[in-house]
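Participant: Please work out how this folds:
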Amino acid sequence: MRVGVEVGGTFTDLVAIDGGRVSIAKVPSTPARPDEGALAALAAGDIALDRVGDLVHGSTVATNAILERKGAPVAFFVTKGFRDLLLLQRHNRRRIYDLCYVKPRPVVARRDSFEIDERVDGDGTVVAALDAAAAAERIDAVLGTGRYRAVAICLLNAFANPAHEEALERLIGERFPDLAVTRSTRVTREFREYERASTTTLAAYVQPVINSYLTRFEASLGDGGFGGRFSVMQSNGGRLPAKGMARNAITSLFSGPAAGVIGAARQAGLSGFDNIITLDMGGTSTDVCLVADGKPHLAGETEVDGLPIRTPVLDIVTVGAGGGSIVWVDDGGMLRVGPESAGAEPGPACYGRGGATPTITDAHMIRGSLRAEAFLGGRMAVDADAARAAFAPLAERFGMTSEAAADSAVRIADSNIVGAIQLVSTERGRDPRDYVLVPFGGAGPLHAARVAEALEIATICVPPNAGVLSAFGLLAADYVRYETRTRRVPVDAGAPDTVRAQFAGMAADARRNFAALGITGDPALSHTLDMRYVGQAFEVPVDLDTDALAALTADTLLAAFNAAHHRVFEFGDAGDNKAEIVSFRLGVAAAPGDVPSLAEERDVVAAGETTVFDGGEALTCHLLTRGDFGGATLAGPLLVEDATSTIYVPRGWRADVDACDNLIMRREE
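Facilitator: The predicted structure is shown next:
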């Protein structure tokens with residue numbers, strides 16, 4: 001049996017695959033104790049842990065530790081003269097007209113930053129050698145206080161020569177073996193000192209939290225008889241064995257959203273859709289991502305709470321437009337949605353757990369696009385009257401009915417999602433009209449049609465069991481690891497040989513790391529160069545497949561860069577400007593085994609008609625399940641109820657269910 005458990009902000013989802021049989025479970029999350037929510041999902045799914053051979057887990061533990069500032073106390077060692085690196089940051093202002101603007105607060109205070117006398121030049125040359133005796137004395141004075149649970153090391157230009165960082169790590173390990181030590185050259189061997197330092201300190205900050213969480217969770221699994229392989233999802237769209245997180249927990253930050261993208265790409269690909277835009281609308285937020293040729297776009301950097309994290313992550317944009325997003329009125333009297341969420345506790349008003357503020361889930365209850373008797377396949381009791389009571393003050397303020405107020409809130413949420421999709425498509429040089437929209441999460445299929453209309457997307461593919469697709473994505477994910485190196489190389493006649501040699505060395509390192517984690521087989525490799533014109537401040541990624549790398553010449557390398565640059569900036573002819581490579585990124589992926597499609601659980605009984613308030617009018621909708629299509633193509637308005645989500649097919653759309661159990665919606669011409 002293979003099991004995926006994904007802890008979200010509102011619900012914890014489980015998908016179990018036993019041979020060809022797929023079973024699911026969905027339980028409320030416990031934000032303060034996420035492992036309890038995961039164990040509750042296993043219990044709800046009636047999972048016999050001694051029969052599980054492969055368990056994959058994704059959670060928000062690392063993200064929450066940063067957002068809530070509940071990480072471990074960190075001692076930060078830097079090169080002499082760079083103690084204020086985390087405070088200086090960059091000179092940009094995120095809000096240029098805010099006279100009270102304050103830069104994001106780092107997780108390590110100045111009093112916890114300590115200087116080490118050493119210096120390495122930008123090309124890796126040692127300018128001032130590390131004095132081991134002086135460094136040991138400094139380490140003893142700082143760490144001997146017992147104040148710190150973790151150590152971060154980020155020395156100047158260590159990406160070019162990690163020798164001093166490695167020596168410092170050894171000294172700390174010899175004296176304080178129980179402390180978690182994170183050095184920058186293990187987390188990210190790339191230039192840009194502030195971003196590297198921020199990434200390193202954040203990694204150190206969450207490492208003890210993740211280690212404690214995984215140890216506790218693994219112990220609970222072991223008590224239940226689990227003896228299989230245990231993996232954790234990463235932000236880059238791949239999984240790693242849990243022991244792989246022991247030194248780089250920062251890669252698990254956005255594991256849930258990443259798993260959803262992988263699951264969507266896998267399931268939509270079965271129907272022949274390789275160019276997709278994913279729309280993951282859960283209880284707390286909505287995450288969108290663009291997938292081209294079956295591969296999600298990978299970004300080299302992300303941020304949490306305004307702090308940069310330099311590590312490969314899926315290019316996912318998040319907006320506060322989830323089912324639990326609160327509907328409110330701003331100081332100007334305008335109706336707004338999110339980003340604040342009711343979360344899992346107390347949740348939307350209709351959950352009956354003490355929530356009294358109106359949310360998007362409550363809005364759908366009032367509109368009729370969610371039916372109380374069919375919520376989560378009838379497995380969860382909800383209170384439609386409580387939803388109506390929560391919206392009553394808004395309706396009274398704007399002089400409209402509760403249905404009209406609820407419909408307005410849904411339309412605002414739609415607009416927020418459209419803006420997010422434009423960030424990952426239009427602003428990345430991609431036309432959303434060339435893609436298929438793949439909605440999932442509990443609320444995604446309710447909003448998909450209106451979002452698609454605004455973006456002029458003609459086709460929507462709704463996977464089966466869309467509400468737990470992220471948990472399925474955990475099982476569909478490969479084992480993945482990325483190696484990065486900063487090395488400036490001019491694009492000239494010698495560049496192709498340099499590129500091949502650099503990637504060959506990185507591939508050897510990556511294979512050794514895979515073998516150390518117990519991952520066998522011959523992994524697949526991906527190659528990406530970060531390139532720019534000489535004089536530019538930032539780079540664009542250029543992907544090279546294996547054949548292109550083998551046949552690479554200076555001309556083909558320049559042509560590939562020009563094309564990538566043109567796609568983003570609408571110009572790509574270097575002219576007299578020379579191009580250069582700045583960084584190398586190697587991806588290593590190994591498949592965990594065959595994963596079947598996500599078959600539908602048909603435990604929802606729906607028949608007849610229902611009323612949905614949409615666009616200012618009450619519409620009579622046919623009420624059905626996927627199994628009711630019977631191979632036919634039906635015209636909207638339809639309300640299709642799954643075990644974990646509800647799909648709204650408005651007028652102007654037609655829908656059918658294909659052989660892969662994907663529900664395909666197409667706009668009528």
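Participant: The stretch 501-650 of the chain: strands as residue ranges?
Facilitator: With DSSP state E, counting those that start in this stretch applied, the stretch 501-650 of the chain shows strands at 524-533, 540-544, 579-590, 609-614, 617-624, 634-635, 638-641, 646-649, listed in chain order.
Participant: For G260, find the nearest of the ones you listed.
Facilitator: Closest approach to G260 among the strands of the stretch 501-650 of the chain is made by strand 646-649 (16.7 Å; Cβ to Cβ). For every residue, glycine as well, the C-beta is placed using N, CA and C.
Participant: now for whichever helix or strand comes after the closest one, which elements pack on it?
Facilitator: Toward the C-terminal end, the helix or strand that comes next after strand 646-649 (DSSP states H and E) is strand 653-657. For strand 653-657, the contact count by 3 or more Cβ pairs under 8 Å, 6 or more residues apart in numbering; DSSP states H and E identifies strand 634-635, strand 663-667 as packing neighbours.
Participant: If you compare the directions of strand 653-657 and strand 617-624, what angle comes out?
Facilitator: For the pair strand 653-657 and strand 617-624, the angle between their directions (axes from the mean of the first three to the mean of the last three Cα atoms, to 10 degrees) equals 10 degrees.
Participant: could I get strand 653-657 in PDB with only the CA atoms?
Facilitator: Presented in PDB, the C-alpha positions along strand 653-657 are these (Å, rounded to 0.1, in the frame of the first residue of the first chain):
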ATOM      1  CA  TRP A 653     -20.100  25.700 -21.000                       C
ATOM      2  CA  ARG A 654     -20.400  22.000 -21.900                       C
ATOM      3  CA  ALA A 655     -19.000  19.100 -19.900                       C
ATOM      4  CA  ASP A 656     -18.200  15.400 -20.300                       C
ATOM      5  CA  VAL A 657     -16.200  12.800 -18.400                       C
END
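Participant: List the strands paired with that strand, with their directions.
Facilitator: Strand pairing for strand 653-657, determined by DSSP bridges: strand 634-635 (antiparallel), strand 663-667 (antiparallel).
Participant: just checking, I460 touches A448?
Facilitator: Yes - counting by Cβ atoms under 8 Å, I460 does reach A448; the two are 5.0 Å apart.
Participant: Give the buried residues for the helix of greatest length in the chain.
Facilitator: Using DSSP state H to assign secondary structure, the helix with the most residues in the chain is helix 193-223. With burial defined by 16 or more other Cβ atoms under 10 Å, the residues of helix 193-223 counted as buried are 193-211, 213-214, 217-218, 220-221.
Participant: Point to the helix or strand of the protein where mean pLDDT is at its lowest.
Facilitator: Of all helical and strand segments in the chain, the minimum by mean pLDDT, DSSP states H and E falls on helix 61-67, at a mean of 84.
Participant: what's downstream of that one, the next helix or strand?
Facilitator: Beyond helix 61-67 in the direction of the C-terminus, DSSP H and E gives the next helix or strand as strand 74-79.
Participant: so how many other residues sit close to the closest residue to G244 other than its chain neighbours?
Facilitator: Sequence neighbours aside, L517 is the residue nearest to G244 in space, at 5.0 Å (criterion: Cβ to Cβ, 6 or more residues apart in numbering). Applying other Cβ atoms under 10 Å, we find 15 other residues in the vicinity of L517.
Participant: try G343
Facilitator: Counted with other Cβ under 10 Å, residues neighbouring G343 total 20.
Participant: Return the most buried member of the helices and strands packed on strand 653-657.
Facilitator: Each of the helices and strands packed on strand 653-657 was assessed for mean neighbour count using mean count of other Cβ atoms under 10 Å. The highest is strand 663-667, with a mean of 19.
Participant: Residues contacting that strand from elsewhere in the structure, which ones?
Facilitator: For strand 663-667, contacts defined as Cβ atoms under 8 Å, 6 or more residues apart in numbering pick out 271, 448-449, 452-453, 458-462, 464, 626, 640, 647, 649, 652-658.
Participant: of those, buried ones?
Facilitator: Listed as buried from the contacts of strand 663-667 are 271, 448-449, 452-453, 458, 460-462, 464, 626, 640, 647, 649, 653, 655-657; burial here means 16+ other Cβ under 10 Å.
Participant: Domain parsing of this structure, as residue ranges.
Facilitator: Domain segmentation of the chain under automatic domain parsing yields 2-66+211-231, 69-209, 479-590, 609-667.
Participant: could you dump those domains to JSON lines with distance to I326?
Facilitator: JSON lines is the format used below for those (distance: least, Cβ to Cβ, whole Å):
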{"stretch": "domain 2-66+211-231", "distance to I326": "13"}
{"stretch": "domain 69-209", "distance to I326": "23"}
{"stretch": "domain 479-590", "distance to I326": "35"}
{"stretch": "domain 609-667", "distance to I326": "21"}
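Participant: Who are the contact partners of A524?
Facilitator: So, once contact is read as Cβ under 8 Å, 6+ apart, A524 ends up touching V588, A589, A590.
Participant: Who wins on neighbours among those?
Facilitator: Neighbour counts for those, by other Cβ under 10 Å, peak at V588, which reaches 23 neighbours.
Participant: how near is the closest residue to that one other than its chain neighbours to A524?
Facilitator: Computed as Cβ to Cβ, 6+ apart, the closest residue to V588 that is not its neighbour in sequence is A510, at 4.2 Å. Taking Cβ to Cβ, to the nearest Å as the measure, A510 falls 11 Å from A524.
Participant: need the strands for the stretch 51-200 of the chain, in chain order.
Facilitator: With DSSP E, counting those that start in this stretch applied, the stretch 51-200 of the chain shows strands at 54-58, 74-79, 113-116, 119-120, 126-128, 150-154, 180-183, listed in chain order.
Participant: Could I get the average pLDDT for stretch 10-28?
Facilitator: The predicted model gives stretch 10-28 an average pLDDT of 87.
Participant: Any buried residues in it, and which?
Facilitator: For stretch 10-28, a neighbour-count test (16+ other Cβ under 10 Å) marks 10-17, 22-28 as buried.
Participant: I'd like the distance from that stretch to the chain centre, please.
Facilitator: Averaged C-alpha coordinates place stretch 10-28 at 20 Å from its chain's average position (Cα atoms, centre = their mean, to the nearest Å).
Participant: would you put the C-alpha positions of it in CSV?
Facilitator: Extracted in CSV, the C-alpha atoms of stretch 10-28 (Å, rounded to 0.1, in the frame of the first residue of the first chain):
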residue,chain,number,x,y,z
THR,A,10,-7.9,23.8,7.0
PHE,A,11,-8.0,20.1,6.1
THR,A,12,-5.6,17.2,6.2
ASP,A,13,-6.0,15.0,3.2
LEU,A,14,-5.1,11.3,2.6
VAL,A,15,-4.9,9.2,-0.6
ALA,A,16,-4.1,5.5,-0.3
ILE,A,17,-3.4,3.3,-3.3
ASP,A,18,-3.6,-0.5,-2.6
GLY,A,19,-3.1,-2.3,-5.9
GLY,A,20,-5.6,-0.7,-8.2
ARG,A,21,-7.9,0.5,-5.4
VAL,A,22,-7.9,4.1,-4.4
SER,A,23,-9.3,5.3,-1.0
ILE,A,24,-9.4,8.8,0.4
ALA,A,25,-9.9,10.6,3.7
LYS,A,26,-10.3,14.2,4.6
VAL,A,27,-10.3,15.5,8.2
PRO,A,28,-10.0,19.0,9.8
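Participant: thinking again about what came up before, can I get the contacts of A524 in JSON lines with pLDDT?
Facilitator: Converted to JSON lines, those look like this (pLDDT from 0 to 100):
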{"residue": "V588", "pLDDT": "92"}
{"residue": "A589", "pLDDT": "92"}
{"residue": "A590", "pLDDT": "91"}
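Participant: hang on, the earlier thing: worst average pLDDT in the strands paired with strand 653-657?
Facilitator: With a mean of 93, strand 634-635 has the lowest mean pLDDT of the strands paired with strand 653-657.
Participant: Show residues contacting that one.
Facilitator: By Cβ under 8 Å, 6+ apart, the list of residues contacting strand 634-635 from outside reads H622, L624, V649, R651, W653, R654, A655, D656, E668.
Participant: for these, which one is nearest A342?
Facilitator: Ranked by distance to A342 (Cβ to Cβ), the contacts of strand 634-635 are led by V649 at 27.7 Å.
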